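A.B. asks: What follows is a predicted protein model with its sequence.
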Amino acid sequence: MALSGMRGLSVFISDVRNCQNKEQERLRVDKELANIRTKFKHEKGLTPYEKKKYVWKMLYIYMLGYDVDFGHMETVALISAPKYAEKQVGNVGGKEFSESLAPDVQKLLISSSCRPLVRKKAALCLLRLYRKNADVVNVEGWSDRMAQLLDERDIGVLTAVMSLLVSLVANNPDGYWNCVSKCVKIIERLTRSQDIPQEYTYYGIPSPWLQVKTMRVLQYFPSIEDPNIRKSLFEVLQRILMGTDVVKNVNKNNASHAVLFEALSLVMHLDAEKDMMSQCVALLGKFIAVREPNIRYLGLENMTRMLLVADVQESIKRHQAQIITSLKDPDISIRRRSLDLLYGMCDVTNAKDIVEELLQYLTTADFAIREELALKAAILAEKFAPDLSWYVDVILQLIEKAGDFVSDDIWYRVVQFVTNNEDLQAYAAATARDYLDKPAVHETMVKVAGYLLGEYSHLLARRPGCSPREIFPIIHDKFPNVATSTKALLLSAYIKILMHSQPGDPELQKQVLSVFKKYETYLDAEVQQRAIEYFVLSQKGPSMVDIMAEMPKFPERQSALLKKAEDTDGDAAELSATKLRLQQQTSNAVVVVNQHSANGTSHPAPLSSVSSGTRNIDRGFLEQSQVGPQHNDVPVKAAGMVQSLTADLLGDLLAPLAIEAAPASVAATPTTAILPLEEPPVGPADPLALAVLDGNSSSVQPVGSTSDWFNALCKKDSGVLYEDPFIQIGIKGEWRGPQGRVVIFLGNKHTVALTSVRAIVLPPSHLRMQLPPVPELIPPRAQVQCPLDVLSLHASREVPVLDFSYNNSAVTVGSKLRLPVVMSKFLQPAPISSADFVAIWRSLAGPPNKLQEVVRGVNPMLISEMTELFNMFHICVSPGLDPNPNNIVAATTFFSESGATLCLVRVETDPADRTQLRLTVASTDASTTFELKEYIKEQLVDISSITANPATLGFTGPAAALAGLL
């Protein structure tokens, strides 16, 4: 604050600061307040400067914590002063002093001796103060007072009090339950026109503003359980619904409809009986058919909100024809509302009709609405497709009619569906080829057709006009007119077409190679690189088939289209309908689980229409994700089904869960394996894998062996770590030198949320690990991803432990799981020449840098099998370095925070006795040498022949504790 020039204020502040104790300060403040009070009594003699100075003094005293019960009007008067310095102190002082006025305002409001006008102003003033600072109203003291104020007979005071109550219950409805019955009585009084003065009757409607505010208050409370109050309220709402109609007078319409729509909101909030909900829908159906655009808009908007209520969708469907008519209304706001309502009311029974109407409307729709229209049509086609060929037809029609407004996510999605469904591939390729024959083809259509024909045109080879030699010119005819990114995609399609023509067609090969040759010097680096590489690949003949193999199937992902629709700007009605679409689980589309591809390779489960997803496209080609073998084809219908545990729950560890429900009994065992990533067969539950915190260890057990899952993950980077009937925990890791990132996937398989979720990583001393907090709740059929950053500090065989627990609404389950962050994750193969190996081996003379041990109890295996095992753990075997064919020589590099350490390994075996061998390990670091020797020994020894002992295993820290339990 600027205090320059106010000497009296500076002197006063100095006097206060120089006081020796609190008593002296109080005396000085009281003296100054008495002086200011005297001056304000003779206000006419004060100059603006003096007023400003005294208000600053009062403000300083107030900031010291003393009560200032006068001077408020003088402060407010300065707000209208002509000079900025005076106006400034008025604004600052008014804000600071306003809180001190609250007790006086409350006294005026509850006073029975004040005029109604004063009490009304007091209620509005208290409302303004409460909005600035909620602490000015004490809930405990004001709950009973507000209930008393609701007995007020003066409508003006009651309206002001109701405005205050709206703000109070919005922040704390639990504190004002005693006001509910009073609010219902007020509504009854108003609807019966009992004791309502004429000045508060608006076009024959008793105080519509008070009716709206009272019903708004009731919506802040949870459902009213008292049967008498509930019955009275529904009678009032029924009277409002029956007594509202459309009239010619605009002002009366506005007032009656404001009351009506608030009543509709209250009916939805109270979850009324089905008959009343149907009556509401019928009334809104009348409104969407009238001429007045405002009434039509409000009818459509409220009908969209009605979709959030169960059992009314069938009633809304009866008005589908009128809603479609509104889609062609001249007012764009009504068109948007109609579109959102159609989107919200769509289900499997009317999806075809609604999507076809949207496609017809697409050609004449405003440009401002086309993108949203195309997006919603694509989502509806995906979610409620009766068959996938119809879905492909819809998306291709979308691209043809509104290509500029079809986002990449839409055509990416259709590519994923086609890739994951073999029965669809030939049909999609043929349909795309037909679209290319048309004179005007949008570039997005060229992209889709280029991809589909590149991948699947060989399925059409026997059809007239569909041989590779005929397909190529049809696509290449569009090449000169497309963007650079599309050119890159088409070049990839050309090499695929050429590959499918094996044995080669000389004429086709000549045409394709000429294109590659022409674009080897193209300005764009991506196109140039593809042209050069494809030209070289095309010279390989039949061997090119292995290089340019068919695209693998995509894992399930959450649909980016749904995410995009939810993020679309819109009002509350639009967002509510979008969220409704996300909540719907039923669909009539076909879901194919664990399907094999035609060429015999195995890929993740294909996309389903129940849980939609998308993948990024990298410069024209879709990403690949190779995952291990699956099981036989299992087509299932998703319409209202409760699936068993046969779906691929993990996918590529990024897919949402495809399970619909947990088994009827928690102890039930699934009939089919659900582990997609080369997991061991499901066997008896591992009794040592799970510790149930409440002692009911038999109630929830894993569906397989946690030891087998852990051992499998030591050899690969992704798979299942743990699974029981309620949850599946998966792991996916990436490793680079001493660093790694492990993503832990927690998937809720149950139809009930898992609560009290806790996951803590107990790291050993040689690892630095950081796991962010895990959400305490996992929603039904949802998945949580927890990234875990790892840094290797030095060599060790200890592994971290995941201490995990959750509550499944019946029992608390806990488990301590070993995380597969083993030594081999920080190893990288090190190819080495014979001369270098011998030189380094000789330089490392003996212990502790070179250690040798005769290992007994080895799991018998051939040299080739041992070589494969070493390579699996990133230890590079160099054949031929040792003249004895029964020996193995290998090298690897261990990475830690301090750097890279080259490690040499030699294994000498006896063909006559495969159960023993001599193991030698050498490196420049003694600790790394010992740990690697012990790690290799653990992998070679037959564990079943040894009694595990934490001390003999050399474990310490959390790993030793877990080893002791096991």
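C.D. replies: Right, received. Where do you want to start?

A.B. asks: Check which residues of the helix or strand where Val11 lies are buried.
C.D. replies: Under the assignment given by DSSP states H and E, the secondary-structure element containing Val11 is helix 7-17. Under the neighbour-count criterion of 16 or more other Cβ atoms under 10 Å, helix 7-17 has 9, 12, 16 buried. (Glycine included, C-beta is placed from N, CA and C.)

A.B. asks: Give me the residues contacting it.
C.D. replies: Under the contact criterion Cβ atoms under 8 Å, 6 or more residues apart in numbering, helix 7-17 has outside partners 3, 25, 28-29, 32, 53, 56-57, 60, 64.

A.B. asks: next one: stretch 175-195
C.D. replies: In this structure, residues lying in contact with stretch 175-195 by Cβ under 8 Å, 6+ apart are 139-140, 143-144, 146-147, 150-151, 153, 158, 162, 165, 168-169, 196, 201, 206-207, 210-211, 214-215, 217-218, 221, 224, 226, 229, 232-233, 236, 239-240.

A.B. asks: Which among the residues you listed count as buried?
C.D. replies: For these, a neighbour count by 16+ other Cβ under 10 Å gives the buried set as 143, 146-147, 150, 158, 162, 165, 168-169, 196, 206-207, 210-211, 214-215, 217-218, 221, 224, 229, 232-233, 236, 240.

A.B. asks: tell me which helix or strand of this structure sits lowest on mean pLDDT?
C.D. replies: Of all helical and strand segments in the chain, the minimum by mean pLDDT, DSSP states H and E falls on strand 590-593, at a mean of 28.

A.B. asks: circling back: can I get the buried residues of helix 7-17 in a markdown table including distance to Thr751 and pLDDT?
C.D. replies: A markdown table is the format used below for the buried residues of helix 7-17 (distance: Cβ to Cβ, whole Å; pLDDT from 0 to 100):
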| residue | distance to Thr751 | pLDDT |
| --- | --- | --- |
| Leu9 | 70 | 77 |
| Phe12 | 71 | 82 |
| Val16 | 68 | 83 |
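
A.B. asks: Phe873: neighbour count?
C.D. replies: Neighbour count of Phe873, defined by other Cβ atoms under 10 Å: 19.

A.B. asks: do you know how far it is from Arg17?
C.D. replies: The gap separating Phe873 from Arg17 is 75 Å, by Cβ to Cβ, to the nearest Å.

A.B. asks: what does Ala321 give?
C.D. replies: From Ala321 across to Arg17, the span is 81 Å (Cβ to Cβ).

A.B. asks: quick one on the thing from earlier: now, the contacts of stretch 175-195 that are in strands?
C.D. replies: Among the contacts of stretch 175-195, the subset assigned to strands under DSSP state E consists of 201, 206.

A.B. asks: Sort out which of the contacts of helix 7-17 are buried, if you could.
C.D. replies: Counted by 16+ other Cβ under 10 Å, the contacts of helix 7-17 give 25, 28-29, 32, 53, 56-57, 60 as buried.

A.B. asks: Out of those, give me the two with the largest separation.
C.D. replies: When the buried ones among the contacts of helix 7-17 are compared pair by pair using Cβ to Cβ, the farthest-apart members prove to be Glu25 and Lys53, with a separation of 20.0 Å.

A.B. asks: Leaving out chain neighbours, which residue sits closest to Pro879?
C.D. replies: Nearest residue to Pro879, sequence neighbours excluded (Cβ to Cβ, 6 or more residues apart in numbering): Thr867, at 7.7 Å.

A.B. asks: What lies in contact with the helix or strand hosting Asp836?
C.D. replies: When elements are assigned from DSSP H and E, Asp836 belongs to helix 834-843. The set of residues that contact helix 834-843 without belonging to it, under Cβ under 8 Å, 6+ apart, is 878, 880-881, 889, 891, 902, 904, 906, 922.

A.B. asks: go with 10 Å
C.D. replies: Identification of contacts with helix 834-843 by Cβ atoms under 10 Å, 6 or more residues apart in numbering yields 830, 832-833, 849-850, 878, 880-882, 889-891, 902, 904, 906, 920, 922-924.

A.B. asks: Please, a ChimeraX command that selects the buried ones among the residues you listed?
C.D. replies: A single ChimeraX command selects the buried members of these (16+ other Cβ under 10 Å):
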select :830,832,849,850,878,881,882,889,890,891,902,904,906,920,922,923
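
A.B. asks: Narrow the contacts of helix 834-843 to those in helices?
C.D. replies: Filtering the contacts of helix 834-843 for membership in helices, criterion DSSP state H, returns an empty set.

A.B. asks: ok, the buried residues of helix 7-17 vs Val703, which is closest?
C.D. replies: Among the buried residues of helix 7-17, and counting by Cβ to Cβ, the member closest to Val703 is Val16, at 75.5 Å.

A.B. asks: Backbone torsions only: list them for Glu897.
C.D. replies: Note on Glu897: its backbone torsions stand at phi -60, psi -30 [degrees, to the nearest 10].

A.B. asks: Just to check, it is in contact with Gln739?
C.D. replies: Yes. The pair formed by Glu897 and Gln739 meets the contact definition of Cβ atoms under 10 Å, at 9.1 Å.

A.B. asks: Now do the shared contacts for the two.
C.D. replies: Contact with both Glu897 and Gln739 is made by residues 768, 791-792, according to Cβ under 10 Å, 6+ apart.

A.B. asks: now these as CSV including distance to Leu940, neighbour count and secondary structure?
C.D. replies: What follows is the shared contacts of Glu897 and Gln739, written out as CSV (distance: Cβ to Cβ, whole Å; neighbours: other Cβ atoms under 10 Å; DSSP: H, G, I helix; E, B strand; the rest coil):
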residue, distance to Leu940, neighbour count, secondary structure
Arg768, 30, 14, strand
Leu791, 28, 17, strand
Ser792, 23, 23, strand
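
A.B. asks: Which member of those residues is positioned nearest Tyr451?
C.D. replies: Nearest to Tyr451 among the shared contacts of Glu897 and Gln739: Leu791, at 41.1 Å, using Cβ to Cβ.

A.B. asks: Surely the closest one touches Arg736?
C.D. replies: No. Counting by Cβ under 10 Å, Arg736 is not a contact partner of Leu791; they are 11.1 Å apart.

A.B. asks: Show me whatever sits in contact with both of these two.
C.D. replies: Residues touching both Leu791 and Arg736 (Cβ under 10 Å, 6+ apart): Phe826.

A.B. asks: host element of Tyr412?
C.D. replies: With elements taken from DSSP H and E, the one containing Tyr412 is helix 408-420.

A.B. asks: Would you mark the buried spots in that helix?
C.D. replies: Of the residues in helix 408-420, those buried (16+ other Cβ under 10 Å) are 409-420.

A.B. asks: Report the angle between the helix or strand following that helix and helix 408-420.
C.D. replies: Note on helix 408-420: by DSSP H and E, the next helix or strand toward the C-terminus is helix 422-436. Per axes from the mean of the first three to the mean of the last three Cα atoms, to 10 degrees, the angle that helix 422-436 makes with helix 408-420 is 130 degrees.
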